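Student: no FASTA, just this:
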């Protein structure tokens, strides 16, 4: 499997997990006696989303620079 495709798929699944943890946090904090540590659960998926999202964001720019460099050396 292509690395870019794998990272994109990983990013999609982590976004689903992040959404579920945010929903669980809202439910847990809405209780009469909220469990405060539950509010930290979305932080790990959020960090993973930031890392993979920045990679996916930079990917077109890096590949564009590589292709233009390769085209310049072929001439």
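Tutor: Thanks, I have the structure now. In this text the structure is predicted, and so the values were computed from the model without any measurement.
Student: spatially speaking, which residue is in the middle of this protein?
Tutor: residue 49 (2.0 Å; CA atoms, centre = their mean).
Student: and that residue, which of the three is it?
Tutor: helix (DSSP: H, G, I helix; E, B strand; the rest coil).
Student: Tell me the spacing between it and residue 36.
Tutor: 23 Å (CB to CB, to the nearest Å). Where you see a C-beta, it was placed from the backbone N, CA and C, and this is true even at glycine.
Student: Would you confirm that the residue nearest to the centre of the chain contacts residue 18?
Tutor: Yes: counting by CB atoms under 8 Å, residue 18 is a contact partner of residue 49 at 6.0 Å.
Student: what ranges do the helices span in the chain?
Tutor: According to DSSP state H, the chain carries its helices in the segments 3-29, 43-74.
Student: Could you pull up the mean pLDDT of the shortest one?
Tutor: It refers to helix 3-29. Mean pLDDT, computed over helix 3-29, is 96.
Student: swap in the longest one?
Tutor: Per-region confidence: helix 43-74 scores 84 on mean pLDDT.
Student: Make 17 the first number, not 1, from now on.
Tutor: In the new numbering, first residue 17, that becomes helix 59-90.
Student: coming back round to it: measure the residue nearest to the centre of the chain to residue 48 for me?
Tutor: The value you get for residue 65 to residue 48, if CB to CB is used, is 31 Å.
Student: Equivalent analysis for residue 41, please.
Tutor: With distances taken as CB to CB, residue 41 is found 16 Å from residue 48.
Student: What is the burial count for residue 55?
Tutor: 14 (other CB atoms under 10 Å).
Student: swap in residue 39?
Tutor: Residue neighbour count, defined by other CB under 10 Å, stands at 11 for residue 39.
Student: again, but for the one 4 residues further on
Tutor: Other residues lying near residue 43 total 11 when counted by other CB under 10 Å.
Student: Same check on residue 61?
Tutor: That count, for residue 61 with other CB under 10 Å as the rule, works out to 19.
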